[in-house]
Structure formats: C-alpha cells, structure tokens
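A.B. asks: Give me the fold of what follows.
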Amino acid sequence: MTHDTTAKDVLVIYTDQWRWDALGRLGSTARTPNLDALAARGTLFDHAFVQSPVCMPSRASMLTGRYPSNLGITHMGVPVPESTETLASTLSRRGWRTANIGKLHFQPHANRDHSLPHPHYGFDVLALSDEPGVYEDDYRAWVRATCPEALAHLSSGLPPAADAWQQVLPADTDVAHERRGPRDDYSHLRVFDQPEELTHSAWVGTRTIEHLRSLSPHETSLTIASFFSPHAPYHVPQRFLDLYDRDALPLPQLTDSEREHQAAIGLTDAKIREIRHGYFAAISEVDHHVGRIMAELERSGRDKSTLVVFTSDHGEWLGDHLRLSKGFPADDAVSRVPLIIASPGHPSPRQESQIVEAVDIAPTVLAALGVPVPSTMQGRSLLPMVCEPAGSAAVASQVAITEHLGWRSMRTPRYRYVATRSGTEHLWDVQTNPLSEVEVEHNREALLAEHRHQLILRTLEIERALPRTWPY
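C.D. replies: Here you go, the predicted model:
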C-alpha cells in the first residue's frame, strides 16, 4: 500500500529524561502548549518505549534503528564505533544535509576534551554540548562570543565521573562551577539568573533556527535539535518557574510501606515538590523553544515539507516509589516516553495506543522520505499509523523490549516482565495497577512461562545476522 507523504525534510526534537505523561495534552501538570499544538496536527503515540533506560545505549539505538544488544552497547560508557551506520549517515550519503545541535552522547563525555574533534557519525554539522556549561564545548564558545560575563554562571557542577577523571588527570580549563567536588543532581533547584536567551535550551533553539535559515531552498535536510532538559540538575529561568505553584504540584502515589520509609531516606513531600517544580519548569522552557523552532519552519515555508518527530531518550521516576532518575526495572516512568510524529501531508490529529518502540523511528523517517530502510535496522516503519485512517493500520508488535547489561525488561499491553542474568524473574500487572510494586501471584507460573516464551520469540524475530556471501 502506498503512503501519500510530501516530506522532504526531517526535524527531530530530542530531549533527555522526559516522562511519557508530561504533556499537557495528556492531562499533565506540565504546561506544553507548543508540543500540544504539534500533537494536534500529528500522531501522538502514548505507548512508546525506549530500548535502554539510560542515555548512551538509548540514543545509539534510536539513531541506528537497532537494539542495544545488537550494537553491543547495553550500558553506559561504551563509545559508539565511528563506522556505525546511523540515520544521519544513511541520509547524508543520499544528499540530505544532516545536523545535530545539542546533546549527542555517542562518546563518554566525562573523560575527554570537548574542544577536540569528535567523530561525525554521518552528521555534516555537529554543534555539540552534552551538559550545560560543564565543559569547554560549542555551548560555552557561543556564550563566550555572545555574553562572556555570563560564563561563570552556566555550570551547575561537574558530574561525579568527570570530577574523578579531572582529579586523576587535571584538566587545563577555566570552567567555573557552582561548587567544588561532584554534584548531586537533585540536591537543589537553581534559578538561572543570567539573560534567559543564554540557557542551554535557548542555545539549542537558537542554533537550530540559525541552521534552518542556512539551508538553501532546494536543499533537503535532517536536523536534530537535542535538548539536555528536563534532565537534572534544574537550572531554569524564573519565568518558567513562575508558571507553577509548587505547593499545588501533585505528589506521587506511594504505598503505605513507602510512606513509612520516606522520612528515613529524606525524600520528603517538600523535596519531591521542589524537584518536580524544577522538572516541569525545564519542560516548559523546552516547549517555549520548540515554539520558536516551529515558528521558523512556518516563516520559511519548510513546514509544508518537514516531517517533525518529538521524543526523548528515556523517562524519569520523579519520586515514584521514592526513586529519582532512571534504571532497573525500566518501569513505565523510565522506559515510556512521549512520541509525536507529524507529517506535512497528514495534518489531522490522532492518538495511537499500540505499543511502539524507539527503534521504529529511524525506519519511519526513511520510509517517509522514500529512502530504502537498511536490512540491519530492527525496527519497523510507523508510517501507516501516521498516514492512514485511524484504526486501519496495525504495524506495532505489541511488545517492547528494554535492555541493559544483565537484564531484559519486556512490556506487553497488560504486563511488565523482567528477567535477570541471575535467573530471577519479575511480573507486574501494569494495566490493573500501573504504579503497583506488588508482583502478580495469581496464575503466576503460567504467566511467567507465557512471557518467557514471548521474550524468546521477540528475540528471534529481531535477530540480524551479518550477511553471508555464499553458502560456504
């Protein structure tokens, strides 16, 4: 079946640590008018899952259309080999001008000099900054040229791994940090007290707009605007904080046992609200710059030829089960992310609840552009769910796999199943009680066997062996 699409260009808006439910259109506290408007003319996938609960494997997986295990990158700190075929290299080879502006995180960023050359991974333009103001990189160079007096106020502190590396190999750098020693991402909310057009999110927005303006009218392009926010630490201009009443922010639904444990770990209701305040403010700041980028597309007329994708590399617990950040067991707060795909030829809104995966994004982009999907990609195109009438397309597998070294997590419409290298298994009914920590007991052995079987079948289905050239 053919799909009528006029897409010639692609804009991917990529964020870090954005929960699936943090969109105003889904009833969230988050104020996201520009993303809500994007969803109102595209397809909002409300059951999209990433293939890793942490940054590096997830990002490599999404931009290659391959599972972390297939890439051999199932935990942090593993550099993506320079020869890896990415969405950018596939399109650049065929004449698209490709750019990544902001975070890429294909290389560990704590133990390297960010001013030195970086593998291009198929991108013609790389304006890279993995963290706001922490390293001498494109972001700091831009602020130095724009407003040098603000340089001393950009960084919220070195992440622990970077601090350890700089202790062993002292770096010759004049980067000023808010405090000495490794930072705690959730220790406190900090107001960005410099001009708001100098934040990291503002830089991503401004550089993306400048790049779009640099394109010739007949030049096709892939542009990735990659925001660090809403990843902690939270360093946000006051006006985005003012959008929210901290005392009115909803608290996580905790069990009685979690409530009893809450005081012992110091994660009080007040602290959770402070963290959520920073998180939602960071989301609204990104949304503001999304609006700027979309306005530029409309001004230039490129909105009529651009496929727009919005998503994130993983989610954030945000106090659920008294947890912060992300990781095992890749429950929905962590592995389920927002995904909006808006095709210029199909402006009608729709919401899809079939299970889809981040590995599906690259094949979808290529299909929309009329480019052959490499056989190495393990995802499937979602274009029918974007371009065909609602209810007429069923291309999702209804199973999502999230991988990490030593364990696998599988999400089906009703359950989450987790298997670990040690032989332990977990099974939660996420349909009956999405936030429950109580494992399924009724008919447990039969359900475990069923999910074990599903995981094996899915593993066999996505297998991609190296091609052979002759029988022997």
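
A.B. asks: alpha carbons only for contacts and neighbour counts from here, please
C.D. replies: Will do.

A.B. asks: quick one: low-confidence ranges for the stretch 201-350 of the chain?
C.D. replies: Under the criterion pLDDT under 70, the flagged ranges of the stretch 201-350 of the chain are 347.

A.B. asks: got a list of what P233 touches?
C.D. replies: S156, D184, D185, Y186, H188, L189 (C-alpha atoms under 8 Å, 6 or more residues apart in numbering).

A.B. asks: now the residues you listed: which count as buried?
C.D. replies: Buried residues within those, counting neighbours by 16 or more other C-alpha atoms under 10 Å: S156, D185, Y186, L189.

A.B. asks: Of all pairs in these, which one is the farthest apart?
C.D. replies: Greatest spatial distance in the buried ones among the contacts of P233: S156 and Y186, 11.0 Å, computed using C-alpha to C-alpha.

A.B. asks: Quick check: closest non-adjacent residue to P230.
C.D. replies: Closest residue to P230 apart from its sequence neighbours, by C-alpha to C-alpha, 6 or more residues apart in numbering: A282 at 5.1 Å.

A.B. asks: buried sites along the helix or strand containing that neighbour?
C.D. replies: Using DSSP states H and E, A282 maps to helix 269-300. Neighbour counts using 16+ other C-alpha under 10 Å place 269, 271-294, 296-297 of helix 269-300 among the buried residues.

A.B. asks: swap in stretch 368-388?
C.D. replies: In stretch 368-388, counting by 16+ other C-alpha under 10 Å, buried: 368-369, 373, 376-387.

A.B. asks: end-to-end on that stretch?
C.D. replies: 13 Å (C-alpha to C-alpha, to the nearest Å).

A.B. asks: Same question for stretch 146-160.
C.D. replies: End-to-end distance (C-alpha to C-alpha), stretch 146-160: 29 Å.

A.B. asks: Check what contacts it and list those residues.
C.D. replies: So stretch 146-160 is contacted by 110, 132-134, 140, 143-144, 175-184, 194, 199, 233, 235 (C-alpha under 8 Å, 6+ apart).

A.B. asks: Neighbours of the closest residue to G406 other than its chain neighbours, how many?
C.D. replies: Using C-alpha to C-alpha, 6+ apart and skipping the chain neighbours, the partner closest in space to G406 is R421 (5.0 Å). By other C-alpha atoms under 10 Å, the residues close to R421 number 10.

A.B. asks: Could you check how far V334 is from H261?
C.D. replies: For V334, the distance to H261 - C-alpha to C-alpha - is 22 Å.

A.B. asks: Show me which of these two is the more surrounded one.
C.D. replies: Using other C-alpha under 10 Å, the more surrounded residue of V334 and H261 is V334, with 28 against 13.

A.B. asks: element containing that one, please.
C.D. replies: Per DSSP H and E: helix 332-335 holds V334.

A.B. asks: ok, back up a step: which element follows the helix holding A282 toward the C-terminus?
C.D. replies: strand 306-312.

A.B. asks: how distant is the host helix or strand of T459 from the center of its chain?
C.D. replies: Element membership for T459, per DSSP H and E: helix 444-461. Between the centre of helix 444-461 and the centre of its chain there are 28 Å (C-alpha atoms, centre = their mean, to the nearest Å).

A.B. asks: Kindly format the C-alpha coordinates of that helix as PDB.
C.D. replies: Taking Å, rounded to 0.1, in the frame of the first residue of the first chain, the C-alpha atoms of helix 444-461 are listed here in PDB:
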ATOM      1  CA  ARG A 444       2.000 -16.800  38.200                       C
ATOM      2  CA  GLU A 445       3.800 -19.800  36.800                       C
ATOM      3  CA  ALA A 446       1.700 -20.000  33.700                       C
ATOM      4  CA  LEU A 447       2.000 -16.200  33.100                       C
ATOM      5  CA  LEU A 448       5.800 -16.400  33.600                       C
ATOM      6  CA  ALA A 449       6.100 -19.200  31.100                       C
ATOM      7  CA  GLU A 450       3.900 -17.200  28.600                       C
ATOM      8  CA  HIS A 451       6.100 -14.100  28.900                       C
ATOM      9  CA  ARG A 452       9.300 -16.100  28.800                       C
ATOM     10  CA  HIS A 453       8.100 -17.600  25.600                       C
ATOM     11  CA  GLN A 454       7.200 -14.100  24.200                       C
ATOM     12  CA  LEU A 455      10.600 -12.800  25.000                       C
ATOM     13  CA  ILE A 456      12.300 -15.700  23.300                       C
ATOM     14  CA  LEU A 457      10.100 -15.200  20.200                       C
ATOM     15  CA  ARG A 458      10.800 -11.500  20.100                       C
ATOM     16  CA  THR A 459      14.500 -12.100  20.400                       C
ATOM     17  CA  LEU A 460      14.400 -14.500  17.500                       C
ATOM     18  CA  GLU A 461      12.300 -12.100  15.400                       C
END
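
A.B. asks: How about residues contacting that helix?
C.D. replies: Contacts for helix 444-461 (C-alpha under 8 Å, 6+ apart): V399, M410, Y417, E425, L427.

A.B. asks: count of neighbours near G406?
C.D. replies: 11.

A.B. asks: The one 4 residues further on now?
C.D. replies: Other residues near M410 number 25, with proximity taken as other C-alpha under 10 Å.

A.B. asks: what helices or strands is the one helix or strand it maps to leaning on?
C.D. replies: Remark: M410 resides in strand 407-411, with elements defined by DSSP H and E. Judged by 3 or more C-alpha pairs under 8 Å, 6 or more residues apart in numbering; DSSP states H and E, strand 407-411 is in contact with strand 400-404, strand 415-420.

A.B. asks: what's near enough to touch the residue nearest to R411 when sequence neighbours are not counted?
C.D. replies: Spatially, and ignoring its direct neighbours in sequence, R411 is nearest to A400 (5.1 Å; C-alpha to C-alpha, 6+ apart). The contact partners of A400, taken as C-alpha under 8 Å, 6+ apart, are F49, V50, Q51, I355, V356, E357, M410, R411, T412.
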